[in-house]
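Engineer: Would you be able to build a 3D model of this:
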Amino acid sequence: MTDAQETAADSSLRTTGGAPPDDVETAPIPLLEPREGIPPVIADEAALAEVVAAFAAGTGPVAVDAERASGYRYGQRAYLVQLRREGAGSALIDPVACPDLSGFGAAIADAEWVLHAATQDLPCLREIGLVPTELFDTELAGRLAGFPRVGLGAMVENVLGYVLEKGHSAVDWSTRPLPEPWLRYAALDVELLVDLRDALEKELDRQGKLDWAHQEFEAIAAAPPAPPRVDPWRRTSGMHKVRRRRQMAVVRELWTARDRVAQRRDVSPGKVLGDTAIVEAALAVPANVHALATLPGFGHRMGRRQLEQWQAAVDRAKALPDSELPQPGQQMAGPPPPRAWADKDPAAAARLSAARAAVSALAETLNMPQENLITPDTVRRVCWEPPQSVTTDSVAQALTAHGARRWQVEQVTPALVTALTSRP
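Structural biologist: From the prediction side, this is the model:
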């Protein structure tokens with residue numbers, strides 16, 4: 001770290017619960033260049049082997065980041081991976097040219113990986129063989145420490161006193177070759193990540209929350225891959241307008257046809273056909289291609305072959321027997337939506353109201369978001385089906401069964417016991 005960066009990192013310890021003291025007025029310093037310059041993009045096995053050896057010989061945590069092409073390409077694959085470690089410097093790896101990075105993952109398996117918003121990057125990293133056994137999530141650390149803004153740029157500025165240029169976050173990272181300004185941006189994303197980790201560790205320790213953070217990080221590292229979504233077509237934007245089962249079938253058929261085209265062409269589904277167009281077709285259930293062409297999203301720029309493709313999907317939905325039409329509501333595990341509780345179970349609604357108020361007050365006292373103290377879904381489940389005998393032990397067991405970490409159970413149990421036993 002340069003002298004200026006050491007000074008900025010030291011100043012981070014002046015923060016208190018995410019807010020610098022009033023008497024400190026330090027203008028943030030723009031971070032314009034990586035300290036060793038922009039590293040070359042690793043795009044062949046020989047260069048990859050050299051970088052793997054360098055990182056294996058390095059020391060301390062490994063900063064890791066990944067860039068995807070959301071909004072441009074199908075899926076959430078990584079198109080650039082950035083890493084940095086003391087003694088090895090920074091590396092930019094092209095996972096399209098080097099799709100198997102399991103050897104790299106094995107070389108740094110014993111190190112702590114530092115990521116920002118780890119749950120966003122871990123799925124695409126797992127696809128190419130990068131799976132951490134130990135991690136530190138700087139975004140989650142910021143939440144637990146009470147920082148009001150936890151984006152990487154805001155955290156680096158508020159904690160370390162540097163300004164990161166964030167103008168390339170939403171570009172098409174599948175572009176080849178990648179422009180130099182994008183590579184500079186990508187390298188800078190891991191430039192101070194370990195420094196940020198060290199400063200946040202000190203702040204969490206000062207607040208008595210470091211063990212809480214470690215429990216959260218362990219849970220993220222141990223979590224299995226998320227299962228595929230059930231009926232992903234139900235997440236179509238504007239779906240709330242679609243009421244009838246036949247119309248829902250049109251959404252399903254159009255969504256499925258669009259997904260096949262998007263996957264084949266490797267483009268974002270929204271670039272093939274917008275959600276708005278799907279919903280418009282579902283509401284209208286057009287009789288033919290000419291009627292379809294009059295709807296928003298199916299205008300004159302769309303070719304005849306495309307129109308016929310979408311009309312065929314509509315026709316498939318129209319031809320389905322009633323027994324094969326989708327049901328209005330997705331089958332849900334767990335309690336009903338809270339808005340229905342007052343009618344279905346007034347006592348449960350009262351418990352939920354008391355529990356929410358108690359969790360909100362506790363989160364404010366602990367200076368962290370409510371959802372990080374305990375997930376709203378966990379609170380709902382415990383309030384909907386509380387233990388037969390509400391005691392400290394039974395509530396703690398219920399929270400643990402729903403996936404709450406030990407620190408969450410210890411903090412939340414007394415408040416929930418009071419909420420579950422209080423009379424409205």
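
Engineer: so which strand or helix has Asp393?
Structural biologist: helix 392-401 (DSSP states H and E).

Engineer: report the angle between the axes of the next helix or strand after that helix and helix 392-401?
Structural biologist: On the C-terminal side of helix 392-401, the closest following helix or strand by DSSP H and E is helix 406-421. Helix 406-421 runs at 120 degrees relative to helix 392-401, counting by axes from the mean of the first three to the mean of the last three Cα atoms, to 10 degrees.

Engineer: Report all helices and strands that the helix or strand encompassing Ala313 contacts.
Structural biologist: For Ala313, the element it lies in under DSSP H and E is helix 304-319. Counting contacts by 3 or more Cβ pairs under 8 Å, 6 or more residues apart in numbering; DSSP states H and E, helix 304-319 is packed against helix 245-265, helix 289-293. Using the backbone N, CA and C atoms, a C-beta is placed for each residue, glycine as well.

Engineer: so how far is the last one off the chain centroid?
Structural biologist: So the one you mean is helix 289-293. 39 Å (Cα atoms, centre = their mean, to the nearest Å).

Engineer: ok, now stretch 360-368?
Structural biologist: 23 Å.

Engineer: Can you give me the domain boundaries for this structure?
Structural biologist: Taking automatic domain parsing as the reference, the chain has its domains at 3-222, 232-324, 338-421.

Engineer: For the residue positioned nearest the centre of the chain, grab phi and psi.
Structural biologist: Centroid-nearest residue in the chain, with Cα atoms, centre = their mean: Gln120, separated by 3.7 Å. Phi and psi for Gln120, reported as degrees, to the nearest 10, are phi -80, psi -40.

Engineer: rewinding a little: could the helices and strands packed on helix 304-319 go into JSON lines alongside mean pLDDT?
Structural biologist: As requested, the helices and strands packed on helix 304-319 are exported to JSON lines (pLDDT from 0 to 100):
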{"stretch": "helix 245-265", "mean pLDDT": "98"}
{"stretch": "helix 289-293", "mean pLDDT": "95"}
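
Engineer: what's the closest of these to Val412?
Structural biologist: helix 245-265 (38.4 Å; Cβ to Cβ).

Engineer: Can you name every helix or strand that the closest one contacts?
Structural biologist: Against helix 245-265 (3+ Cβ pairs under 8 Å, 6+ apart) you get helix 269-272, helix 275-284, helix 304-319.

Engineer: Most tightly packed of these?
Structural biologist: helix 275-284 (a mean of 21; mean count of other Cβ atoms under 10 Å).

Engineer: Export the helices and strands packed on helix 245-265 as a markdown table, with columns for distance to Asp189 and mean pLDDT.
Structural biologist: Below are the helices and strands packed on helix 245-265 laid out as a markdown table (distance: least, Cβ to Cβ, whole Å; pLDDT from 0 to 100):
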| stretch | distance to Asp189 | mean pLDDT |
| --- | --- | --- |
| helix 269-272 | 25 | 95 |
| helix 275-284 | 30 | 98 |
| helix 304-319 | 38 | 97 |
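
Engineer: check contacts around the residue nearest to Thr391 when sequence neighbours are not counted.
Structural biologist: Excluding the flanking residues, the one nearest Thr391 by Cβ to Cβ, 6 or more residues apart in numbering is Val417, at 7.2 Å. Going by Cβ atoms under 8 Å, 6 or more residues apart in numbering, Val417 touches 390-392, 395.

Engineer: For the buried ones among the residues you listed, write the corresponding ChimeraX selection.
Structural biologist: Remark: buried members of these, expressed as a ChimeraX selection using 16 or more other Cβ atoms under 10 Å:
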select :390,395
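
Engineer: Switch the contacts of Val417 over to TSV; also include pLDDT and distance to Gly297.
Structural biologist: Putting the contacts of Val417 into TSV (pLDDT from 0 to 100; distance: Cβ to Cβ, whole Å) gives the following:
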residue	pLDDT	distance to Gly297
Val390	96	53
Thr391	97	57
Thr392	97	56
Val395	98	50
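
Engineer: tell me the two of the contacts of Val417 that are most distant?
Structural biologist: Maximum distance among the contacts of Val417 (Cβ to Cβ): 8.9 Å, for Val390 and Thr392.

Engineer: ok, now which ones touch Ala170?
Structural biologist: Taking Cβ under 8 Å, 6+ apart, one finds 70-71 in contact with Ala170.

Engineer: measure it to Ser70 for me?
Structural biologist: 8 Å (Cβ to Cβ, to the nearest Å).

Engineer: likewise Leu366?
Structural biologist: 33 Å.

Engineer: Have a look at the two and say which one is more surrounded.
Structural biologist: Legend: neighbour count by other Cβ atoms under 10 Å for Leu366 and Ser70, higher for Leu366 (19 against 12).

Engineer: Hmm, Leu373 and that one touching each other?
Structural biologist: Yes. Under the criterion of Cβ atoms under 8 Å, Leu366 makes contact with Leu373 at 6.5 Å.

Engineer: any residues in contact with both of these two?
Structural biologist: By Cβ under 8 Å, 6+ apart, the residues touching both Leu366 and Leu373 are Gln411.
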